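Engineer: give me a 3D structure for the following:
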Amino acid sequence: MRHIRALVRASVLTIWTLFVFAILVGGVPFAFRNRARWRALVFHKWARGSARILNLRIHVSGSPPTPPFLLVSNHLSYLDVVAYASQVSCVFVARSDLAQWPVIGPLCRSAGTIFVDRESRRDVVRVNQLIDRALARGLGVVLFAEGTSTAGDRLLPFKPSLLEHAARTGCGANYAALSYRAGDDDPPASESVCWWGDMTFVDHLVGLFHLRRINARVNFGDDVIRAANRKELAERLWLAVRERLGSEVRARDHEFQQLDC
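Structural biologist: Next up, the predicted model:
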């Protein structure tokens, strides 16, 4: 039964993705006023449909921000994109190698994803300019400031390099905390939903298709955080997201900090 469920989900998700991709590309020439908003809207619809296909049940706390916004979050999995895009119309900042992935790469490029090579200072400058432009167009931008994904057992320090616009203009950044829980009969979310370490994408995705249900909790912050410089802003955002993640993750994070000392 689990294998049949996985096969059906994979097939339906593929068909849904190809269908939306055709609408996305075909509708761009007719989106005269704001092609970027058109891409974000279609990507939002794709995410909502994909969540249903995967039986991803998203529980939201707080109020999602209204575009334009810069939203900073922790990062657990490629599924984070579905969780956030299903709730807000936005574009994402993602690592540059994602653009070369089959199927996912073309979809992300068509949806207006901003790709960044974090190892290149010159590219960080370019991406900050793209974030400026996206916000000027009235878009929401979602940034995973840890720079990598984790098992959800700790919150890595936030990298300040892409917070230049929020600090320089004084507009600040919104924040949210994301967590997952798998079904009672499924492996724990840290192994089955979170994608981290040396997990291979294909094997992880196949396992994800086998899960009966995935619960995601998106906890949006109530305020906009501002700071005089991007390093201070990154620290304040980190504290705010850590607080939203709850006491269990804070306790685990404290244990990791003790081990690091």
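
Engineer: please count neighbours and contacts with C-alpha atoms only from this point.
Structural biologist: Will do.

Engineer: which parts of the stretch 151-261 of the chain are strands?
Structural biologist: 174-182, 214-220 (DSSP state E, counting those that start in this stretch).

Engineer: so for stretch 100-108, what's the average pLDDT?
Structural biologist: The average pLDDT for stretch 100-108 rounds to 76.

Engineer: my bad, stretch 53-68
Structural biologist: Mean per-residue pLDDT for stretch 53-68: 95.

Engineer: what does stretch 180-200 rub up against?
Structural biologist: Outside of stretch 180-200, the residues within contact range by Cα atoms under 8 Å, 6 or more residues apart in numbering are 76-79, 149-152, 201, 204, 207-208, 211-217.

Engineer: same thing but at 10 Å, please
Structural biologist: 56-58, 75-80, 148-153, 179, 201, 204-218 (Cα atoms under 10 Å, 6 or more residues apart in numbering).

Engineer: tell me which of the strands of the stretch 151-261 of the chain is the most buried.
Structural biologist: Neighbour counts (mean count of other Cα atoms under 10 Å) averaged over each of the strands of the stretch 151-261 of the chain peak at strand 174-182, with a mean of 23.

Engineer: what's near enough to touch the residue nearest to Ala176 when sequence neighbours are not counted?
Structural biologist: Once flanking residues are discounted, Ala176 sits nearest to Phe220: 4.2 Å by Cα to Cα, 6 or more residues apart in numbering. Contacts for Phe220 (Cα under 10 Å, 6+ apart) come out as 60-65, 71-73, 174-178, 241, 244.

Engineer: what about stretch 76-95, distance to the chain center?
Structural biologist: The chain centre lies 3 Å from the centre of stretch 76-95; the measure is Cα atoms, centre = their mean, to the nearest Å.

Engineer: need the strands of the stretch 151-261 of the chain in TSV with distance to Leu98, can you?
Structural biologist: Output for the strands of the stretch 151-261 of the chain, formatted as TSV (distance: least, Cα to Cα, whole Å):
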stretch	distance to Leu98
strand 174-182	21
strand 214-220	23
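
Engineer: Leu211 and Leu7 touch, don't they?
Structural biologist: No: taking Cα atoms under 10 Å as the definition, Leu211 is not a contact partner of Leu7, at 11.7 Å.

Engineer: so for the two, which sits in the more crowded spot?
Structural biologist: For Leu211 versus Leu7, the count of surrounding residues by other Cα atoms under 10 Å is larger for Leu211: 23 against 15.

Engineer: what's the burial count for the nearest residue to that one once chain neighbours are set aside?
Structural biologist: In this structure, Leu211 finds its nearest non-sequential neighbour in Asp186, 6.2 Å apart by Cα to Cα, 6+ apart. By other Cα under 10 Å, 16 other residues sit near Asp186.
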